[in-house]
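Chemist: One predicted model, sequence on top.
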Amino acid sequence: MTVAGRMTGKVFEPVNPQAHTFYVELRPISDDHVPEALAVSGLDRETLVREGRDPTEAMREAAAWVREVSGNSSPVLAAYPLSYDWMWIYWYFMRFTGVSPFGHSRCIDLKTLYAAKAGVPIGWATKRQMPEHLRSRRPHTHNALDDAIEQAELLQNLMAFDRRPPSPHPQGARAPGAQPAD
């Protein structure tokens, strides 16, 4: 995990995403796993079984870290795509600490944020289709910390992005077939 920035009123203030980070590798909680999915991460299951951190201990430390870096602010989890990361992070916090530092809904999907700001359908909101200046220059390594920093940079770029689609009915114009107001 990393800190991408802070909201001050209505202003997003980016911070160096490498300045505040948290990373642990967890000991597996079951024998059930998908070897192909594990291979993507570059992690070795046997090493995790031997050397991975106890999930309860690690998630308590993660929650304490989130509270510390958030200070008086409410933390928000941002991810691309959010549905994948949120599902795991929320479940692990609830299972091993009983509470999520992000509550049950303080999260933002970067894919949806881009689609809304760019005025494109969600199906077109892929990183490959985003303008290059919005994407992080970092490689997507599938290491959790590397990817968190990459996504923090994407969030920073999206928060600064202000391309709103033109209104279908500019002020004063009427839709075809619309009757003038009395």
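Modeler: That came through, no problem. Numbers count the residues shown, from 1 in each chain.

Chemist: where along this structure do the strands fall?
Modeler: With strands called from DSSP state E, the chain shows them at 5-8, 11-14, 77-79, 107-109.

Chemist: okay, those strands in CSV with mean neighbour count, mean pLDDT and distance to Thr141 next?
Modeler: Bear in mind the C-beta positions are built from the backbone N, C-alpha and C, glycine included. Converted to CSV, these look like this (neighbours: other C-beta atoms under 10 Å; pLDDT from 0 to 100; distance: least, C-beta to C-beta, whole Å):
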stretch, mean neighbour count, mean pLDDT, distance to Thr141
strand 5-8, 14, 94, 22
strand 11-14, 13, 96, 22
strand 77-79, 21, 97, 16
strand 107-109, 19, 97, 21
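
Chemist: could these go into JSON lines alongside distance to Phe161?
Modeler: JSON lines is the format used below for the strands of the chain (distance: least, C-beta to C-beta, whole Å):
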{"stretch": "strand 5-8", "distance to Phe161": "14"}
{"stretch": "strand 11-14", "distance to Phe161": "11"}
{"stretch": "strand 77-79", "distance to Phe161": "14"}
{"stretch": "strand 107-109", "distance to Phe161": "14"}
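
Chemist: And those strands: which comes nearest Leu26?
Modeler: strand 77-79 (17.4 Å; C-beta to C-beta).

Chemist: Surely Ser83 touches Leu110?
Modeler: No. In this structure, Ser83 is not within contact of Leu110 by C-beta atoms under 8 Å, at 11.3 Å.

Chemist: who's more crowded, those two?
Modeler: Counted by other C-beta atoms under 10 Å, Ser83 and Leu110 do not tie: Leu110 has more neighbours, with 22 against 11.

Chemist: Identify the residues contacting that one.
Modeler: Applying C-beta atoms under 8 Å, 6 or more residues apart in numbering to Leu110 gives the contacts 78-82, 151, 154-155, 158.

Chemist: Could you turn the buried ones of these into a PyMOL selection?
Modeler: In PyMOL syntax, the buried subset of these is picked out as below (16 or more other C-beta atoms under 10 Å):
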select buried, resi 78+79+80+82+151+154+155+158
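
Chemist: Narrow the contacts of Leu110 to those in helices?
Modeler: Using DSSP state H, the subset of these located in helices is 82, 151, 154-155, 158.

Chemist: Out of these, which is nearest to Ala39?
Modeler: Closest approach between the ones in helices among the contacts of Leu110 and Ala39, by C-beta to C-beta: Gln151, at 21.5 Å.

Chemist: Report the buried residues of stretch 110-127.
Modeler: In stretch 110-127, counting by 16+ other C-beta under 10 Å, buried: 110-111, 113-115, 117-118, 120, 125.

Chemist: This completes my enquiry, with thanks.
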